Each structure stands twice: as structure tokens, then as C-alpha cells.
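Engineer: With the input below, show me the fold.
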Amino acid sequence: MPLVLLLDFIFLLLIRFFIKIVITIFGWATNIFFGKLPDKNKVWFYIMMILSFVWIYCLLAKLFPSMFGIFTGYIPEKTFTKVMRHLLYIICVVAIPPGVGALGAMITGVSRQNKTKFAQWLLKGYRYTLVLGCTMAVILVCTPIIRIKRMLKHKSAEGMAMGVAGKGNIYVMDEIIIALSQADIRTVKKIPSKFYSVPVKMINGIMKDLFNYVSDRELYIAGEDISIYLNSSDIMIEGSIQTIEKAKMAIVKSFVENDIYLTESDKSKKIESEILTIYKNWKIGLRNADKTLELLRNLTNSSFDGGMTYEEWALLSVQINEVQNKVLSKKTNYEEI
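Structural biologist: Residues are numbered from 1 along each chain as shown. A predicted model of the protein is given here:
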């Protein structure tokens with residue numbers, strides 16, 4: 001009896017350790033492959049991914065017990081877990097796909113009162129479960145490899161909010177390349193390795209259904225000490241810490257001239273839009289320098305009163321300062337002439 005309890009305890013520790021590893025890898029994978037997802041739905045999407053992976057595991061454990069039944073071999077014959085194992089397999093295989101479909105319906109706003117659409121989502125759950133489960137398996141392989149390569153090359157990675165969706169990846173990449181060139185960071189567009197592109201391509205159709213999200217990963221931005229990958233609502237920058245910070249600053253300064261948002265909250269996006277409008281009106285001659293500077297001061301005094309993160313406040317401050325410098329520089333040159 002003590003041996004049985006000891007084996008049970010070891011088994012539970014192994015399961016707990018395995019779950020921690022999966023959760024850690026999945027956290028890394030989110031930044032690498034998906035970027036920032038909507039806060040209100042991302043937890044449900046993560047649950048969809050995990051349930052799908054469990055479903056795939058259950059199928060494989062039945063089909064190839066010698067390969068995938070490693071943990072089950074440690075379960076003593078007469079325990080409750082052993083008796084219920086086959087029943088749990090059946091429940092998982094039958095119930096998980098409709099559950100995944102129901103979560104997809106919830107994310108997209110389809111209620112159970114709409115019986116036709118909800119039933120369609122339950123059926124979609126079988127395809128979603130297969131695709132998400134396989135994607136999760138690939139992610140569990142690709143993500144550690146990417147992390148190890150970073151460690152060996154002494155590189156870091158950081159995300160940066162950016163409204164990529166609806167702008168076109170090529171357009172956004174070209175704008176980033178121009179911004180980086182102004183900071184003497186030379187980059188070009190290249191085809192990414194399969195480790196970065198395959199998981200994204202596997203899941204793109206589902207991401208489009210759930211979040212209207214497309215990140216084809218056909219190309220990425222590459223330089224001597226920097227790599228930039230586009231997601232739907234942010235970008236991932238890889239490189240040395242110094243190069244990453246230099247690149248982020250270059251993008252913030254340069255993007256005051258286009259309509260690609262670098263902030264996330266509605267209030268911050270509104271301020272970004274106002275900065276762009278003020279800058280464009282000055283550039284085409286609708287406002288003189290003094291009036292433009294006055295509008296920028298008023299914007300700073302009236303809008304920076306909360307409702308945003310410190311990072312957004314700092315970013316908007318840099319953008320306003322950049323516009324002020326452009327206006328003052330032009331005004332000084334004009335007065336000297």
C-alpha cells in the first residue's frame with residue numbers, strides 16, 4: 001500500500017511538472033506566433049488550444065499506447081484512476097470538439113439562442129480541434145528551438161504594439177524599414193524559417209474566423225542584429241537589447257507621419273490621430289508654426305490626464321516632441337532666411 005501511494009504521488013508530480021512545461025512554452029509561443037490577442041477572449045482561445053492538444057494526445061494514446069502511454073504505465077492497477085481511464089478517454093474524444101466549437105461561438109458572439117449558427121459552430125469544433133491540436137504539438141517543438149537559438153546568440157525579444165491589421169503587411173514592413181534606416185539600421189525583407197512560419201500558417205484560417213486576424217509570415221524584416229515579425233496587433237523584435245531599444249525609438253519617431261497606431265487604448269489612439277492631424281495640417285500649410293505648437297501644447301495639457309498606461313504616455317510624449325522639433329527646425333530655418 002505505501003508503494004502504491006508513493007507511485008501515485010510520483011505520477012502526480014510528473015503530471016504537474018509536464019503541465020508547467022506546457023504552460024511555460026505556450027506563454028513563449030503566444031509572443032512568437034500570435035502576438036497580443038483581445039484581452040476579453042484570449043483566455044478562451046488558450047483553453048481551446050489546450051483542450052485540442054489534450055484531444056490529440058488522447059487519440060494518439062489509444063492508437064499508440066506504447067509510445068504515448070508513458071504516464072499511464074505508472075498508475076497502479078487497482079486505483080480509481082486506472083479504472084476510469086478508458087471512460088475518461090471516451091469522454092474527452094467525444095466531448096472536447098463540441099466544447100471547442102462552443103468556445104469559438106462565444107468568442108465570435110454567437111449565442112445559444114441562435115440555434116442554427118450555434119450548431120454550425122459545434123460542428124466546426126471538430127475541424128478546429130484537429131487543427132488547433134496539431135498546431136499546439138508543432139508549437140511545443142518549434143518554440144523551445146527558437147528560444148534555445150536566441151540564448152546561444154545572446155539575443156532578446158520584445159513585443160511592440162502596432163496596428164498592423166487592415167494596413168497590409170508589405171506597406172507596414174516598408175514603413176518600418178524606412179524608419180530603421182533613419183537610425184542607421186539597415187534591413188531588408190526576407191523569407192522566415194519554417195520554425196517561425198509553419199505554426200502561423202497552420203492556424204491562420206481559424207484566427208481569421210475568431211479575431212479577423214491574418215499574419216501570413218511570408219516575409220519578415222531582417223538586419224545584421226535585428227529581426228522583426230509582424231502579428232495582427234503588434235510586432236516582435238529580436239536582437240540585442242541595445243538594438244531593440246534603438247529600433248523601437250526609431251519607429252516611434254518616424255511613425256508620427258503615418259496612420260499606423262502604436263498604442264492600444266482608445267484614448268491613446270485618439271491622441272495619436274490628433275497628433276497626426278496637427279502634423280499633416282502644418283505640413284500642407286493649413287496651420288502656421290505658432291498655431292501648430294500651440295495646438296500641441298494644448299493637446300499635452302488637456303489629454304494626458306489618465307486613462308492610459310505609462311508606456312503609452314511615454315510614447316505619445318515622444319511623438320509630440322518629435323513633431324515639435326520638426327516644426328521648430330523648419331521655423332528656425334525660415335526665420336534665418
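Engineer: Convert the C-alpha atoms of stretch 122-133 to CSV, please.
Structural biologist: Extracted C-alpha coordinates of stretch 122-133, given in CSV (Å, rounded to 0.1, in the frame of the first residue of the first chain):
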residue,chain,number,x,y,z
LEU,A,122,-20.4,22.9,-32.6
LEU,A,123,-19.7,21.0,-35.9
LYS,A,124,-16.8,23.4,-36.7
GLY,A,125,-15.4,22.3,-33.4
TYR,A,126,-14.2,19.0,-34.8
ARG,A,127,-12.1,20.7,-37.5
TYR,A,128,-10.9,23.4,-35.1
THR,A,129,-9.9,20.8,-32.5
LEU,A,130,-7.8,18.8,-35.1
VAL,A,131,-6.1,21.9,-36.5
LEU,A,132,-5.5,23.6,-33.1
GLY,A,133,-4.3,20.3,-31.5
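Engineer: in it, what's buried?
Structural biologist: 122, 124-125, 128-130, 132-133 (16 or more other Cβ atoms under 10 Å). (Glycine included, C-beta is placed from N, CA and C.)
Engineer: Run through the residues that contact K155.
Structural biologist: By Cβ atoms under 8 Å, 6 or more residues apart in numbering, the residues touching K155 are 238-240.
Engineer: mind checking how far it is from N298?
Structural biologist: Counting by Cβ to Cβ, to the nearest Å, the gap from K155 to N298 is 43 Å.
Engineer: Also K115?
Structural biologist: Distance from K115 to N298, by Cβ to Cβ: 54 Å.
Engineer: try T187
Structural biologist: In this view, T187 and N298 are 37 Å apart by Cβ to Cβ.
Engineer: More neighbours: those two, which one.
Structural biologist: T187 (21 against 11; other Cβ atoms under 10 Å).
Engineer: rewinding a little: from the contacts of K155, list just the buried residues.
Structural biologist: 238-239.
Engineer: would TSV of the contacts of K155 with secondary structure and distance to A289 be doable?
Structural biologist: Output for the contacts of K155, formatted as TSV (DSSP: H, G, I helix; E, B strand; the rest coil; distance: Cβ to Cβ, whole Å):
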residue	secondary structure	distance to A289
E238	strand	40
G239	strand	37
S240	coil	39
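Engineer: so which of the contacts of K155 comes closest to I191?
Structural biologist: E238 (15.8 Å; Cβ to Cβ).
Engineer: Quick check: that closest one touching R150?
Structural biologist: Yes. Taking contacts as Cβ atoms under 8 Å, E238 lies within contact range of R150: 6.9 Å.
Engineer: Spit out the residues that contact these two alike.
Structural biologist: Common neighbours of E238 and R150, using Cβ under 8 Å, 6+ apart, are 156-157.
Engineer: Next, the contact list for V252, please.
Structural biologist: 262, 315, 318-319, 322.
Engineer: and those, which of them are in helices?
Structural biologist: 315, 318-319, 322 (DSSP state H).
Engineer: Distance to L13 added to these, as CSV?
Structural biologist: Converted to CSV, the ones in helices among the contacts of V252 look like this (distance: Cβ to Cβ, whole Å):
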residue, distance to L13
L315, 45
V318, 49
Q319, 51
E322, 54
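Engineer: can you give me the helices in this protein?
Structural biologist: 2-29, 39-63, 65-68, 80-107, 115-152, 169-181, 194-211, 241-254, 266-283, 289-303, 310-336.
Engineer: So, low pLDDT: which residues of the stretch 51-200 of the chain?
Structural biologist: 65-85, 164-167 (pLDDT under 70).
Engineer: And the closest residue to G205 other than its chain neighbours, how close does it get to A157?
Structural biologist: Nearest residue to G205 in three dimensions, chain neighbours excluded: V131, at 7.7 Å (Cβ to Cβ, 6 or more residues apart in numbering). From V131 across to A157, the span is 26 Å (Cβ to Cβ).
Engineer: and what of D290?
Structural biologist: Noted for D290: a distance of 44 Å to A157, by Cβ to Cβ.
Engineer: Neighbour count: those two, which is higher?
Structural biologist: A157 (17 against 10).
Engineer: And the average pLDDT for stretch 295-307 is what?
Structural biologist: Stretch 295-307 carries an average pLDDT of 79.
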